[in-house]
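1. model the structure of this input:
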Amino acid sequence: MRPVVVFLGLFAVALCPNNSFSQTPASANHESKPTLDPALQVRIENRVADFGGDVGVYVRHLDSGREASVNADSLFPTASMIKVPILVTTFSAIESGALAAVVPLVYDDSLYYPGEDMLGSFKSGEKISLDKLMLLSITMSDNTASLWLQHLAGTGSQINLWLSDNGFESTRMNSRTPGRRQNWERYGWGQTTPREMAELFVMIRDGEAVSPEASQEMYRILTRTYWDDEAVSSIPATVQVASKQGAVNASRSEALLVNAPSGDYVLCIITNNQVDQSWTENNEGFELIRDISRTVWQYFEPR
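-> Predicted coordinates:
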């Protein structure tokens, strides 16, 4: 019997037939202490050894704690992965009452960011609700929607405050944020480390970002990506994946949390200073992301 979806306040909630409702996945309650997995470490190190540029990787199997990493605590550009902190801070503003998810907002041409965004095709004066802006920001990686959300959530200053208050020491919004110009010139829209971006995904999955209800809704949004050509393409289509991708000329990145049969695992791959700055399918950064994702999946799911 399928669950019935109802709306309580601002959030969609699934009511199960047995009247039970779990705020977080069961596996979130018994994660093991992270321990190095030597065999996986070797596989990842071998794959990145000859890459034309800088690479950062962090992966952890959440139930067993097995992990591997390369430059996991080094700073890298986020590109569009910064939209996950934007999403979290927007939900924080909703929870505080500063924003309402379903109240119509009026689009204005001054919000337009050049590109192929869906929101950018709107005519000035058209209306859209906040919840649809969040969906566009993550699912389609719509830059115009994301920059509007950044402003509505309290600008980069508020986003960075949320990150700092929640233990993220390296992840920061740089663009359109006072005092961050030098960081913006070096890293672009935002900066992070592979470990911190992965941990933000785990925090959302575990129901610890803003609130259990907000985390659940954010996780649902993160499972609806349109951009599934890289890391997600290496995972069977029948397996749920929460993900966010990022790409600029010299950097390609993806963070994903996979609800795998043997237990959830989180993976983040980021490149920088790439020699290959092409935008074809066989770009070296895109191929690296696909290969590492496939390697990790086959390692944890050998059958």
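2. quick check, central residue of this protein?
-> Lys244 (3.8 Å; Cα atoms, centre = their mean).
3. so that one, which of the three states?
-> strand (DSSP: H, G, I helix; E, B strand; the rest coil).
4. close enough to count as contact, it and Ala79?
-> No: with contact defined as Cβ atoms under 8 Å, Lys244 and Ala79 do not form a contacting pair (9.8 Å). For the C-beta atoms, the positions are set from N, CA and C on the backbone; glycine is no exception.
5. list the contacts of the residue nearest to the centre of the chain.
-> 80-81, 83-84, 138, 141, 222, 225, 254-256 (Cβ atoms under 8 Å, 6 or more residues apart in numbering).
6. and these, which is closest to Trp162?
-> Trp162 lies nearest to Val84 out of the contacts of Lys244, by Cβ to Cβ, at 11.6 Å.
7. shouldn't that closest one be in contact with Thr225?
-> No: if you go by Cβ under 8 Å, Val84 and Thr225 don't touch, sitting 11.6 Å apart.
8. give the residues shared as contacts by these two.
-> 138, 244.
9. the two: which is more packed in?
-> Taking other Cβ atoms under 10 Å, Val84 and Thr225 do not tie; Val84 has more neighbours (28 against 19).
10. can you give me how far the host helix or strand of that one is from the chain middle?
-> Assigned by DSSP states H and E, Val84 falls within helix 83-96. Taking Cα atoms, centre = their mean, to the nearest Å, one finds the center of helix 83-96 at 13 Å from the center of the full chain.
11. packing partners for that helix?
-> Counting by 3 or more Cβ pairs under 8 Å, 6 or more residues apart in numbering; DSSP states H and E, the packing neighbours recorded for helix 83-96 are helix 130-139, helix 143-152, helix 155-165, helix 194-205, helix 212-222.
12. for whichever helix or strand comes after it, packing partners?
-> Proceeding N to C from helix 83-96, the next assigned helix or strand is strand 104-106, under DSSP H and E. Counting contacts by 3+ Cβ pairs under 8 Å, 6+ apart, strand 104-106 is packed against strand 127-129.
13. give me the mean pLDDT for the strand it packs on.
-> Here strand 127-129 scores 95 as its mean pLDDT.
14. buried residues in that strand?
-> Ile128 (16 or more other Cβ atoms under 10 Å).
15. sheet partners, orientation included, of it?
-> strand 104-106 (antiparallel) (DSSP bridges).
16. and the contacts of the partner strand?
-> Counting by Cβ under 8 Å, 6+ apart, 125-130, 133, 148, 152 sit against strand 104-106.
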